[in-house]
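Novice: quick one: sequence plus predicted model below, questions after.
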Amino acid sequence: MTRIHASAVVDSKAELAGDVEVGPYSVIGPNVKIGSGTKIGSHTVIEGYTSIGKENEFAHFAAIGGPPQDMKYRGEPTQLIIGDRNTIREFTTIHTGTSQDEGITRIGNDNWIMAYVHIAHDCQIGDHTIFSSNAQIAGHVHVNDWAIMGGMSGVHQFVRIGQHAMLGGASALVQDIPPFVIAAGDKASPHGINVEGLKRRGFSSETISALRQAYKVLYKDGLSFEDAKVELQKMVVASSGDPATEEKLAQFHDFVAASTRGIIR
């Protein structure tokens, strides 16, 4: 059965699964939906048009589903959608979207979001990401699967972070990080392929070697950006006999080719 502490305030219109736990002094608004197995710590506020999936854990003092910090926002019924099995720690803030984008902030599945993280309006977060304490991302940022955000890092609005990329602690990111790349610094610059992370996730030595070569083409061979994209496409075609490597090289190329804000380089 639902376990709601006597001091919690849960609006009668909120939809909570039968086994949701809500801690002391927490507040759940009228347009909130919370799935089975989710636990809400004490002093946490969940408001707005917020939908939360199964088996999530919210620590104390989180502020979830608040209105976007955007001066153009005029109270539109925008949304926050959170998937399953996410851990969201103390004092984290996650806001709903705006009508200037598709109106939805999304958090995927199996993410680890540490204390004092801020995820702004219209951000799109994939699966299995890690946000270290005090990581702060502005509006409209896309963080793809398995990416890692270092502690006290800051990300400019509209930036994209590729899958398996890693942003070092105390870094300032103002352009896109391609997939599989490590970036760090103020402002953040590339520092090679995330080799150790890829090994832990089961990437073959052949695939890692190909990605390192792709990094060299993009960053070390002295090619113009346009020429580098051509060479990366040739690498994708040449790798067609190895489906896993071809897929990862294609992800690298396609991300770089689609960048509108520009990549770190």
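Specialist: Yes, it's here.
Novice: okay, CA-based contacts and neighbour counts for the rest of this
Specialist: Will do.
Novice: contacts only, for the closest residue to Ile4 other than its chain neighbours.
Specialist: Spatially, and ignoring its direct neighbours in sequence, Ile4 is nearest to Val22 (4.7 Å; Cα to Cα, 6 or more residues apart in numbering). Counting by Cα atoms under 8 Å, 6 or more residues apart in numbering, Val22 touches 3-5, 8, 39-42.
Novice: swap the cut-off to 10 Å and go again
Specialist: By Cα atoms under 10 Å, 6 or more residues apart in numbering, the contact set of Val22 is 2-10, 16, 28, 38-44, 58.
Novice: got it, and Glu226?
Specialist: Contacts of Glu226 (Cα under 10 Å, 6+ apart): 218, 257.
Novice: cool, the one 5 residues further on as well?
Specialist: Shown in contact with Glu231 (Cα under 10 Å, 6+ apart): 214, 217-218, 223, 253.
Novice: that one is in what secondary structure piece?
Specialist: Using DSSP states H and E, Glu231 maps to helix 225-238.
Novice: let me know the next secondary structure element after that helix.
Specialist: Downstream of helix 225-238 (by DSSP H and E), the next one is helix 243-258.
Novice: tell me the mean pLDDT over that next one?
Specialist: Average pLDDT, helix 243-258: 98.
Novice: please apply the same query to stretch 155-173.
Specialist: 98.
Novice: off-centre distance for that stretch?
Specialist: Mean-position distance between stretch 155-173 and its chain equals 10 Å (Cα atoms, centre = their mean, to the nearest Å).
Novice: same check on stretch 214-232?
Specialist: 27 Å.
Novice: buried residues of it, list them for me.
Specialist: Using 16 or more other Cα atoms under 10 Å as the test for burial, stretch 214-232 gives 214-219, 225, 228-229, 232.
Novice: could you do stretch 236-246 as well?
Specialist: Neighbour-count burial for stretch 236-246, with 16+ other Cα under 10 Å as criterion, is recorded at 236, 239, 245-246.
Novice: now the buried members of the contacts of Val22.
Specialist: Buried by 16+ other Cα under 10 Å: 4, 8-10, 16, 28, 38-44, 58, out of the contacts of Val22.
Novice: got JSON lines for the residues you listed, with distance to Asp122 and secondary structure too?
Specialist: Compiled in JSON lines, the buried ones among the contacts of Val22 are given as follows (distance: Cα to Cα, whole Å; DSSP: H, G, I helix; E, B strand; the rest coil):
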{"residue": "Ile4", "distance to Asp122": "30", "secondary structure": "strand"}
{"residue": "Ala8", "distance to Asp122": "29", "secondary structure": "coil"}
{"residue": "Val9", "distance to Asp122": "27", "secondary structure": "strand"}
{"residue": "Val10", "distance to Asp122": "26", "secondary structure": "strand"}
{"residue": "Leu16", "distance to Asp122": "24", "secondary structure": "strand"}
{"residue": "Ile28", "distance to Asp122": "21", "secondary structure": "strand"}
{"residue": "Thr38", "distance to Asp122": "23", "secondary structure": "coil"}
{"residue": "Lys39", "distance to Asp122": "25", "secondary structure": "strand"}
{"residue": "Ile40", "distance to Asp122": "23", "secondary structure": "strand"}
{"residue": "Gly41", "distance to Asp122": "25", "secondary structure": "coil"}
{"residue": "Ser42", "distance to Asp122": "27", "secondary structure": "coil"}
{"residue": "His43", "distance to Asp122": "25", "secondary structure": "coil"}
{"residue": "Thr44", "distance to Asp122": "21", "secondary structure": "coil"}
{"residue": "Phe58", "distance to Asp122": "20", "secondary structure": "strand"}
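Novice: most widely separated two among the residues you listed?
Specialist: Taking Cα to Cα, the two most distant members of the buried ones among the contacts of Val22 are Leu16 and His43; they sit 17.5 Å apart.
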